[in-house]
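Peer 1: sequence and predicted structure, then a few things I'm wondering about:
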Amino acid sequence: MSVVGIDLGNLQAVIAVARNRGIDVICNEVSNRATPNIVSFGPKQRYLGEAAKTQEISNAKNTIVSLKRLAGRTFDDPEVQEVEKNFIMAELADANGQAGVKVNYLGEEQVFSNVQLIAMYLNKIKDITAAEIKGPVSDCVITVPGWFTEVQRRAVLAAAEMVGLNCLRLVNDLTAAALGYGITKTDLPEEKPRNVAFVDIGHSSYTCQIASFLKGQLTVRGQAFDEHFGGREFDAVIVDKLAAQFKEKFKIDVYTNKKALLRLRVAAERCKKVLSANPQAPVNIESIMDDRDVSAMVNREEFEEWASHLFTRTEEVLAKALENAGMKIDEIDYVEMVGGTTRIPAIKATISKFFGKEISTTLNQDEAVARGAALQCAMLSPVFKVRDFRVNDVVTYPIKLTWEATPEEEETEIVVFDNNNSIPSTKILTFFRREPFTLQAVYANPEALPRGINPWIGQYTIKNVEPVNGEPAQIKVKVRLNIHGILSVESAYTVEEKMVDEETKNKDGEKEIKKVKKLVKTGDLPVVSGTTALPKELINEYTEKESQMYANDKLIAATEAAKNSLEEYGYEMRDKILGPLSEYIDPSIKDKFAEDLNAVVDWIYDEGYDAPKSVYVEKLDALKKIGNPVVERYREAEARPHAERALRDTM
Ligand code: ATP
Ligand code: MG
């Protein structure tokens, strides 16, 4: 059984697997330890991950990046229209009410929703993992930003489900990192907790989480976010400044040319990375547009000045996290950083200065989140034994339930899961009702939510409620916030006060039966829920479609492989027939065979370029029918002297 952790980053995903030796980060098909989070569509197939990256500029209109940012959002969400639109070159579209894209795939226009796109990418991640562990992949833990709300979490879970990934837990990025940190530390205190501030600045967002460690457990104390602070914001600053320079110096406007803009973005990201280790970085782009080459030199101070508005925002998140944790700076014992953007020296310096501490380097900046996720998966999986370690994560946004007032009850709402309530968590609420009633679940502080997210979580109708002896029935409602951070009403039931026998002991230690009043469950009530989950039929439709597309991609790959084998055989045999194999082939068929081999190679480059797989396979089989006996005779002849020698040696 698989034990897999997936750090689903906005730029790239890192995959870690638990094996008997420990946790390993695995490589993809081109030996990279992170896989680009990109999906691309072509006339014959899809391109996923690394293959999609090579399409990013040449096939920009059908290539989608920043998938994670679209998760659970609607098409008209301002975040989609005003922010993500700047990063995604494909045309955004409404897909069954969800944010999606319209692309040209298999020669026709098709619309895919964000859940479908994420599923496609996760299917690729699953394939990469299966190839590495040489077995099926199902159980996994996927990480999401701590600021993801229910609808966003549901989108990722649905995508995983569609591709047969059994997500045991959606865990917050930094909670995963904190778990990895805690479980490997052998010197955690027994009494006074060790407080660690974890900072993650990735490609698109920034999180600070403060966690307290004791031997065998961690408790998340508080967190804060900036959902619009990541590497891509820094890239955009460089792009903006260079675009202005190019306009003046070279008289070109890259904003009028998508391809030019994309190429400048790639160059800007490279420039930013070079500046993390060097005082200056050159930017050169050949024939960026209008046949013009452009070049510039950016130095670090200049970059820091350009991005000063971002650097001044760095401290805000740290201060907010402390405030949410109810802590002061001097209570923080260690500071750990993950995420690619924390490599920017000015960011590192700001964080270090804020806490008045050197940054610790226990964690692998790029891999800690995935490793933590794999550890969490191992802990939840029955096949692995992991050292006991408790992870007490907390609610990011308080959740309240609301209902209509009744003559007996004026109250109409309650905060069921408040800030810093641990997850998972179950609460039992009591109601007195004469008839069926409905509870609405909403995020209690809509202004704290990421922009564009509707605060509504769900609606739950408790049915079959009737008065008991003319009085309102007493009803218990069990509300659960599960391990993924998703809310549900698990059950509802009636209770009544009844006299029951209870066994107690009197002061002489003798048993006594006493009649006492007790609440007893008297019946279950059906609950009808409405949530932000996609309808089951739609998920089924998506799942079906995904497996068709997957099968098509596999067929295209197999066809390509069959074509390559045929071509290789054609070339190789043609040379060998005229060379080493020449004396082992019947002279009467030799010329004809060589001719056939030539013909097949020519055919591949001509009308055979787009043939179905079966045709390549048949042609190869036909050639091998003639070629194999020749190769066989050659091998026998080659082996003979060795056999004779071996016989001689034993005499
Ligand atoms: P997110 O966590 O926001 O969803 P992610 O997990 O995919 O995104 P990371 O892989 O942590 O993001 O970081 C990627 C970002 O880090 C990119 O913007 C990249 O340009 C930036 N980055 C990587 N190396 C460096 C470097 N040496 N200097 C500056 N930035 C860097
Ligand atoms: Mg990340």
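Peer 2: Perfect, thanks for sending it. Numbers count the residues shown, from 1 in each chain. Ligands and ions are numbered 1, 2, ... in the order given.

Peer 1: ranges for the helices of the stretch 301-450 of the chain?
Peer 2: In the stretch 301-450 of the chain, the segments counted as helices under DSSP state H, counting those that start in this stretch are 308-325, 345-355, 368-380.

Peer 1: switch those over to TSV; also include distance to Leu157 and mean pLDDT.
Peer 2: All C-beta spots, glycine's among them, are computed from the backbone N, C-alpha and C. Compiled in TSV, the helices of the stretch 301-450 of the chain are given as follows (distance: least, Cβ to Cβ, whole Å; pLDDT from 0 to 100):
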stretch	distance to Leu157	mean pLDDT
helix 308-325	26	96
helix 345-355	32	97
helix 368-380	14	97
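
Peer 1: quick one: closest of the ones you listed to Leu538.
Peer 2: helix 368-380 (27.8 Å; Cβ to Cβ).

Peer 1: show residues contacting that closest one.
Peer 2: Residues from elsewhere that reach helix 368-380 (Cβ atoms under 8 Å, 6 or more residues apart in numbering): 3-7, 13-18, 23, 25, 139-143, 168-169, 171, 173-181, 183, 200, 338, 364, 384, 386, 389, 391.

Peer 1: count of residues packed around whichever residue of the stretch 251-400 of the chain sits closest to ligand 1?
Peer 2: Residue nearest to ligand 1 within the stretch 251-400 of the chain: Gly340 (2.1 Å; Cβ to the nearest ligand atom). Using other Cβ atoms under 10 Å, Gly340 has 21 other residues around it.

Peer 1: which residue is the nearest non-sequential neighbour of the closest residue to ligand 2 within the chain?
Peer 2: Residue of the chain nearest ligand 2, by Cβ to the ion: Gly202 (3.4 Å). Distances taken as Cβ to Cβ, 6 or more residues apart in numbering put Gly339 closest to Gly202, at 4.2 Å, once the chain neighbours are dropped.

Peer 1: measure that neighbour to Leu92 for me?
Peer 2: Gly339 sits at a distance of 27 Å from Leu92 (criterion: Cβ to Cβ, to the nearest Å).

Peer 1: got a pLDDT number for Met1?
Peer 2: For Met1, the model assigns a pLDDT of 79.

Peer 1: which ones are touching it?
Peer 2: Neighbour list for Met1: 138-139, 381, 383 [criterion: Cβ under 8 Å, 6+ apart].

Peer 1: pull out the buried members of these.
Peer 2: For those, a burial check counting by 16 or more other Cβ atoms under 10 Å picks out 139, 381.

Peer 1: quick one: average pLDDT of stretch 420-430?
Peer 2: Rounded mean pLDDT across stretch 420-430 is 94.

Peer 1: and for it, what's in contact with it?
Peer 2: Contacts for stretch 420-430 (Cβ under 8 Å, 6+ apart): 219, 221-222, 324, 392-395, 398, 401, 414, 416-417, 474-483, 485, 490.

Peer 1: circling back to that earlier point, filter the contacts of Met1 by proximity to ligand 1?
Peer 2: Applying Cβ under 6 Å from any ligand atom, the subset of those adjacent to ligand 1 is empty.

Peer 1: turn the contacts of Met1 into TSV, including pLDDT and distance to ligand 2.
Peer 2: Formatted as TSV, these follow (pLDDT from 0 to 100; distance: Cβ to the ion, whole Å):
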residue	pLDDT	distance to ligand 2
Ser138	95	24
Asp139	96	22
Ser381	92	23
Val383	84	27
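
Peer 1: re the thing from before, what's the pLDDT at the residue of the chain closest to ligand 2?
Peer 2: For Gly202, pLDDT reads 98.

Peer 1: and it, how many residues sit next to it?
Peer 2: By other Cβ under 10 Å, neighbour count at Gly202 equals 25.

Peer 1: low-confidence ranges, this protein, go.
Peer 2: In the predicted model of the chain, residues 642-651 satisfy pLDDT under 70.

Peer 1: flag every residue of it that's near ligand 2.
Peer 2: Neighbours of ligand 2 within the chain, by Cβ under 5 Å from the ion: 9, 202.

Peer 1: biggest strand in the chain by residues?
Peer 2: Once the chain is assigned using DSSP state E, the strand that runs over the most residues is strand 487-505.

Peer 1: list the buried residues of it.
Peer 2: Buried residues in strand 487-505 (16+ other Cβ under 10 Å): 487-489, 491-495.

Peer 1: any chance of those residues in CSV, plus distance to Leu439?
Peer 2: Output for these, formatted as CSV (distance: Cβ to Cβ, whole Å):
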residue, distance to Leu439
Leu487, 11
Ser488, 12
Val489, 7
Ser491, 13
Ala492, 9
Tyr493, 15
Thr494, 16
Val495, 18
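
Peer 1: quick check: residues of the protein near ligand 1?
Peer 2: So the chain meets ligand 1 at 9-12, 68, 202-205, 230-232, 269, 272-273, 276, 339-341, 343-344 (Cβ under 6 Å from any ligand atom).

Peer 1: assign Gly523 to helix, strand or coil.
Peer 2: At Gly523 the chain is in strand, as set by DSSP: H, G, I helix; E, B strand; the rest coil.

Peer 1: hang on, it packs against Tyr493?
Peer 2: Yes. Gly523 lies in contact with Tyr493 (Cβ atoms under 8 Å); the separation is 6.3 Å.

Peer 1: which residue does the stretch 51-200 of the chain have closest to ligand 1?
Peer 2: Counting by Cβ to the nearest ligand atom, the stretch 51-200 of the chain gets nearest to ligand 1 through Lys68 (5.7 Å).

Peer 1: can you point me to the longest helix in this protein?
Peer 2: helix 536-578 (DSSP state H).

Peer 1: same for that one, what does it pack against?
Peer 2: Applying 3 or more Cβ pairs under 8 Å, 6 or more residues apart in numbering; DSSP states H and E, one finds that helix 536-578 contacts strand 46-48, helix 114-133, helix 150-162, helix 587-605, helix 613-650.

Peer 1: what ranges do the strands span in the stretch 301-450 of the chain?
Peer 2: Using DSSP state E, counting those that start in this stretch, the strands of the stretch 301-450 of the chain run over 334-338, 390-394, 399-402, 413-417, 422-423, 425-433, 437-443.

Peer 1: looking at those, which is buried most?
Peer 2: strand 334-338 (a mean of 22; mean count of other Cβ atoms under 10 Å).

Peer 1: unless I'm mixing things up, Gly216 is touching Asp388, no?
Peer 2: Yes. Using Cβ under 8 Å, Gly216 is in contact with Asp388, at 6.0 Å.

Peer 1: okay, the two: which has more neighbours?
Peer 2: Neighbour comparison, Gly216 and Asp388: the larger count goes to Gly216, with 13 against 9 (by other Cβ under 10 Å).

Peer 1: next one: that one from ligand 1, what distance?
Peer 2: 29 Å (Cβ to the nearest ligand atom, to the nearest Å).

Peer 1: next, the contact list for that residue, please.
Peer 2: Gly216 is in contact with 188, 388-390, counting by Cβ under 8 Å, 6+ apart.

Peer 1: ditto for Gly5
Peer 2: Counting by Cβ under 8 Å, 6+ apart, Gly5 has contacts 15-18, 23, 140-141, 143, 176, 370-377.

Peer 1: could you point out which element follows the host helix or strand of it?
Peer 2: Element membership for Gly5, per DSSP states H and E: strand 4-8. Note on strand 4-8: by DSSP H and E, the next helix or strand toward the C-terminus is strand 12-19.

Peer 1: buried ones in whichever helix or strand comes after that next one?
Peer 2: On the C-terminal side of strand 12-19, the closest following helix or strand by DSSP H and E is strand 22-25. For strand 22-25, the buried set under the neighbour-count rule, 16+ other Cβ under 10 Å, comprises 23-25.
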